[in-house]
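Q: My questions are about this predicted structure, shown below with the sequence.
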Amino acid sequence: MRFRLLTVSLLFMIAVSFGQTSSSTKPAPGFSLDTIDKTIDPCVDFYQYACGNWIKNAEIPPDQSRWGAFTELRERNLEVERSILEKAAAGGASRDAIDQRIGDLYASCMDEKTVDAKGIAPLKPELDHIAAVQDKTALIDEIAHLRLVGGSSLFRFYSRSDLHNADLVIAYIDQGGLSLPDRDYYLKDDNPKMKAMREHLVEYVTQAFTLAGQTPQQAADSAQTVLRIETALAKASMDRTARRDPKTQDHKMTRDEAVALGPNFYLNRYFADVGAPNFSQLNVANPDFFKQVNGVLESESLDSLKIYVSWHALNAATPWLSQPFVEANFKFQQNLTGQKEMPARWKRCVSLTDRQLGEALGQRYVEATFGADGKQRMLKMVDALDKSLAEDIHNLSWMSDETKKQAKVKLDAIRNMIGYPDTYRDYSSVVIKRDDLLGNVARGNIFESKRDIAKIEKPLDRKEWGMTPPTVNAYYEASFNEIVFPAGILQPPFFNKNMDDAVNFGGIGLVIGHELTHGFDDEGRKYDPQGNLHDWWTEQDGKEFEKRVSCVADEYSNFVAVDDLKLNGRLTLGENTADNGGARIALMALEHMIADDQTGKEGQKIDGYTPEQRFFLGFGRVWCEKRRPEMARTSVLTDSHSPGQYRVDGVVQNMPEFQKAWGCKAGQPMVAENACHVW
Ligand SMILES: [Zn+2]
């Protein structure tokens, strides 16, 4: 799957992405007027007005890289999951199969004493296998094995919808094999921070190999080898912004053609090793990568390639080995995140269980937290947002009737998923042992890898979920043409049963609008109602659209993220378009609700604020946040979402509705001279 998310996915720092210890009796981070800084004029800087007092009082907890509504809610969900897992881990004969599995995985992770006593031993057989390889052909067997047990090296292999026939899942091969989060870290020399990050990688690789038993000199040489090979892979990799256009990755070919791109990859042997079905066609997302890296596989010695593959086995395992490995990994991650302290072990273990057995833990989470009334009220809101977007499209001045008709067909075809999947994933084949953490991680990864690979050449399962129920996020998936809202986000401050509709429309209403708009952003618009890459726009309408999104790209390219770094308006274009469209249609939906309300209650002021003002305050509250400078830098390069400040100010300055609600005048900062308007 390839999601358009609501907020950044912290996948590249899985082991360290969670937060501060807090009491489970702490109230939900809800909507409150206390966050407002009344000394600020909302027409000068609305984000500062809505969040100023929150920013003054909030401190980023030492184990966090950023702090805001999302992370606060993640913390609360972690606490809920923790109590589920502690109960399950306590054991007893009455446990069912689900509690046994999630409880024992959690227990194996919490048993630090056993993990520490074993040292490198659990990974030793893996490293020995790689060391024993005699030729480059056989090395592919180890790379394939790593793909199954977890540890992506050299390239990526996965299943996904055929870009031109979404109902069919096919095989994909793609660029990959880097340790740093983006190719730019290896290639950019104009920025000393990039160079420093490469040095941090070298330190980390050296330290990890030393801990694994190499002499300091051997380890230092190994680190240079890893950096050299990864730099070559980075050079062959496509730029992140270019990859946002799905057409750049549309290269379906026969298996023979793919093999011929890079004979040194021994792809046929690899596909057999991972147990892939005998497919005849596949999509090569970046053919140049395979052509270029083929030469690297030729010129690098077998010994160097073995060091590179060993590194990826080791790097994937460090968070689940003894304490010195865990610390080496964290020290490296700190350079990217700025975290001051490592999150408590229980947080890392809850996150691991969520990642490995997410729909089993998620099932328990839903039973503990999610009521049926939540689903009903959400369905009503999705329906209201849907109607608003239809109305918005109908009224667009720049789009022809022909394209409008097609857009409506696509909108009507968007399906929605709320809370949790109809059927939970069956993990009964995954063996979990209380005294074998790394083994558990490997078996969980093998289960997931095989599940992914088994989908090749099968019809698309449109009921499948790409997020676990406790996740505080949401997504639109183009090939499924669906929007998905896990139970984890359907809570305050996004959604509060006890709040007025205005605040909820500014929170979860805007989230729904954001995800719907993704179906029509610069990337989503290229897919048809069935999820195929297919142009349904007239040429003129396509040009008009591009003109309008260029306005958004230019607007956000001028925002400063940190120090000297400005946002990349093209990398963040889809998200910014979704934020702008989402805000506009969520407010439309609220206005309809006020107009339809016979009692007049919906239109009344609360605490001195009109419903429209409370809508914008609810919107602002969701994005109040603080980031560490390290995280802010990493985000500019890797995150397609803008920082909270611009997710708010970047949107409201484009909205005449905002200016009306707050009485702003032309010339004030929150009134853009050339306001952008796509949806
Ligand atoms: Zn999004």
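A: Ah, there it is.

Q: In stretch 169-181, which residues are buried?
A: For stretch 169-181, a neighbour-count test (16 or more other CB atoms under 10 Å) marks 169-181 as buried. Using the backbone N, CA and C atoms, a C-beta is placed for each residue, glycine as well.

Q: out of these, who's nearest Pro421?
A: Of all these, the one with the least separation from Pro421 (CB to CB) is Val169, at 17.6 Å.

Q: Help me confirm that the closest one comes into contact with Asp162.
A: Yes: between Val169 and Asp162 there is a contact at 7.4 Å, judged by CB atoms under 8 Å.

Q: give the contact list for Leu148.
A: Shown in contact with Leu148 (CB atoms under 8 Å, 6 or more residues apart in numbering): Val274, Asn445, Ile446, Ser449, Lys450.

Q: Restricted to helices, list those.
A: Asn445, Ile446, Ser449, Lys450 (DSSP state H).

Q: of all those residues, which comes closest to Leu127?
A: Of the ones in helices among the contacts of Leu148, the one sitting nearest to Leu127 (CB to CB) turns out to be Asn445, at 17.0 Å.

Q: neighbours of the closest one, just the number please.
A: Neighbourhood size, Asn445 [other CB atoms under 10 Å]: 20.

Q: Which residue is the nearest non-sequential neighbour of it?
A: Counting by CB to CB, 6 or more residues apart in numbering, Asn445 lies nearest to Gly150, which is 3.5 Å off, once chain neighbours are set aside.

Q: I'd guessed the one you found sits against Asn315; true?
A: No: shown here, Gly150 and Asn315 do not form a contact pair, counting by CB under 8 Å, at 10.4 Å.

Q: tell me the domain boundaries of this protein?
A: 153-346, 373-415+499-679 (automatic domain parsing).

Q: and the next element down the chain from the biggest strand by length in the chain?
A: The longest strand of the chain (DSSP state E) is strand 165-175. Downstream of strand 165-175, the next assigned helix or strand under DSSP states H and E is helix 184-187.

Q: which other residues reach the helix or strand just after that following helix?
A: If you walk from helix 184-187 toward the C-terminus, the next helix or strand you reach (DSSP H and E) is helix 192-211. For helix 192-211, contacts defined as CB under 8 Å, 6+ apart pick out 120, 179-180, 184-186, 188-189, 216, 218-220, 222-224, 226-227, 311, 314-315, 318, 324-325, 328-329, 331-332, 335-336, 633.

Q: try 6 Å
A: 179-180, 185, 188, 216, 219-220, 222-223, 226-227, 314, 324-325, 328, 332, 335 (CB atoms under 6 Å, 6 or more residues apart in numbering).

Q: and it, how far from the chain's centre?
A: Offset of helix 192-211 from its chain centre (CA atoms, centre = their mean, to the nearest Å): 25 Å.

Q: so how far is the helix or strand following it from its chain's centroid?
A: Using DSSP H and E, the next helix or strand after helix 192-211 towards the C-terminus is helix 216-235. Offset of helix 216-235 from its chain centre (CA atoms, centre = their mean): 28 Å.

Q: just stretch 578-586 next, same as before
A: Taking mean C-alpha positions (CA atoms, centre = their mean), stretch 578-586 and its chain are 20 Å apart.

Q: now swap in stretch 391-402 and tell me
A: Centroid separation for stretch 391-402 versus its chain: 32 Å, with CA atoms, centre = their mean.

Q: Kindly check the end-to-end length of that stretch for me.
A: Stretch 391-402 has an end-to-end distance of 16 Å (CA to CA, to the nearest Å).

Q: buried stuff in it?
A: Buried residues in stretch 391-402 (16+ other CB under 10 Å): Asp392, Ile393, Leu396, Met399.

Q: Same question for stretch 437-450.
A: Buried residues in stretch 437-450, counted by 16+ other CB under 10 Å: 437-449.

Q: repeat for stretch 123-131
A: Leu123, Glu126, Leu127, His129, Ile130.

Q: all helices of the stretch 501-650 of the chain, in order?
A: 501-504, 510-518, 539-557, 573-596, 611-623, 629-638, 644-652 (DSSP state H, counting those that start in this stretch).

Q: Of all these, which one is nearest Asp412?
A: Nearest to Asp412 among the helices of the stretch 501-650 of the chain is helix 510-518; the distance by CB to CB comes to 11.6 Å.

Q: Packing partners of the closest one?
A: helix 372-395, helix 573-596 (3 or more CB pairs under 6 Å, 6 or more residues apart in numbering; DSSP states H and E).

Q: Who are the packing partners of the following helix or strand past the first one?
A: Using DSSP H and E, the next helix or strand after helix 372-395 towards the C-terminus is helix 401-413. Taking 3+ CB pairs under 6 Å, 6+ apart as contact, the helices and strands that helix 401-413 lies on are helix 372-395.

Q: for the stretch 51-200 of the chain, what spans make up the helices?
A: 69-89, 97-110, 112-118, 124-131, 136-149, 184-187, 192-211.

Q: so which residue of the stretch 51-200 of the chain comes closest to the ion?
A: Phe70 (12.7 Å; CB to the ion).

Q: burial measure for the closest residue to Asp563 other than its chain neighbours, as a count.
A: The shortest distance from Asp563 to any non-neighbouring residue, by CB to CB, 6+ apart, is to Pro629 (7.2 Å). Neighbour count of Pro629, defined by other CB under 10 Å: 12.

Q: try Lys497
A: 12.

Q: go on, Leu282?
A: 25.

Q: Likewise for Ala93?
A: For Ala93, the neighbour count with other CB under 10 Å is 4.

Q: Check Pro277 too.
A: The number of residues near Pro277, taken as other CB under 10 Å, comes to 13.

Q: Isn't it up against Lys455?
A: No: judged on CB atoms under 6 Å, Pro277 makes no contact with Lys455 at a distance of 9.3 Å.

Q: Any figure for the gap between Arg628 and the ion?
A: Between Arg628 and the ion the computed distance is 23 Å (CB to the ion, to the nearest Å).

Q: And the pLDDT for that residue?
A: In this model, Arg628 is scored at 97, pLDDT.

Q: show me the contacts for it.
A: Ser65, Gly338.

Q: For it, grab phi and psi.
A: With angles defined as degrees, to the nearest 10, Arg628 sits at phi -80, psi 150.

Q: still on that earlier bit, of the helices and strands packed on helix 510-518, flag the one that's most buried.
A: Most buried of the helices and strands packed on helix 510-518, by mean neighbour count (mean count of other CB atoms under 10 Å): helix 573-596, with a mean of 23.
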